[in-house]
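Engineer: need coordinates for the following:
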Amino acid sequence: MRRIILMILVCVLMIAGTACGKAENGGTNMSMPIETVRTKDFSMDYFRFGRGEKTLVILPELSIDSVMKYADGVAEAYGSFAEDFTVYVFDRRKELPAYLEVLESDAFYNINAESVLIPAGVTSIEGNPFAESNVTTIVGVTGTEAETFANEYGYTFVSLE
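Structural biologist: Next up is the predicted model:
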């Protein structure tokens, strides 16, 4: 599980400004450009929207279906964040299991984002995965582990509801 989380982190860091790989255009979804970040071990599609000074990273729950074909709808649904944030939405790695339940304590070590969306399916967050990062806001569904974690560790919680 730690390897999976770290691979996601590598993609986040690559897109958010750390020079450790190459991103290239991977196609389009209607008007939303889909791009691909590649490492020697894997690739991951993503799209971005908004032009805010802050960064928000959305990691959708892992599933069989790719979120990229719904890029326009996702950008519209989260459009209220577009003024304040540049929003990055990552797809799943092809090698990942179909679910994510645990965020390990070092999953987001040194991440360069102020906000992170925690999927409703996450049932356990070990320690504080954002302790050595710029994260100040947790976005999630009210009543889930995301809200409990944010309250316990003093992060601002923003509900998706």
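
Engineer: between the two ends of stretch 39-59, how far is it?
Structural biologist: With C-alpha to C-alpha, to the nearest Å as the measure, stretch 39-59 spans 18 Å from end to end.

Engineer: likewise stretch 138-147?
Structural biologist: End-to-end distance (C-alpha to C-alpha), stretch 138-147: 8 Å.

Engineer: and what of stretch 139-151?
Structural biologist: From its first residue to its last, stretch 139-151 covers 12 Å (C-alpha to C-alpha).

Engineer: surely residue 89 forms part of a strand?
Structural biologist: Yes: under DSSP: H, G, I helix; E, B strand; the rest coil, residue 89 sits within a strand.

Engineer: any idea how far residue 161 is from it?
Structural biologist: With distances taken as C-beta to C-beta, to the nearest Å, residue 89 is found 19 Å from residue 161. Every C-beta, even on glycine, is put in place using the N, C-alpha and C of the backbone.

Engineer: these two: who's more crowded?
Structural biologist: More crowded of residue 89 and residue 161, by other C-beta atoms under 10 Å: residue 89, with 24 against 6.
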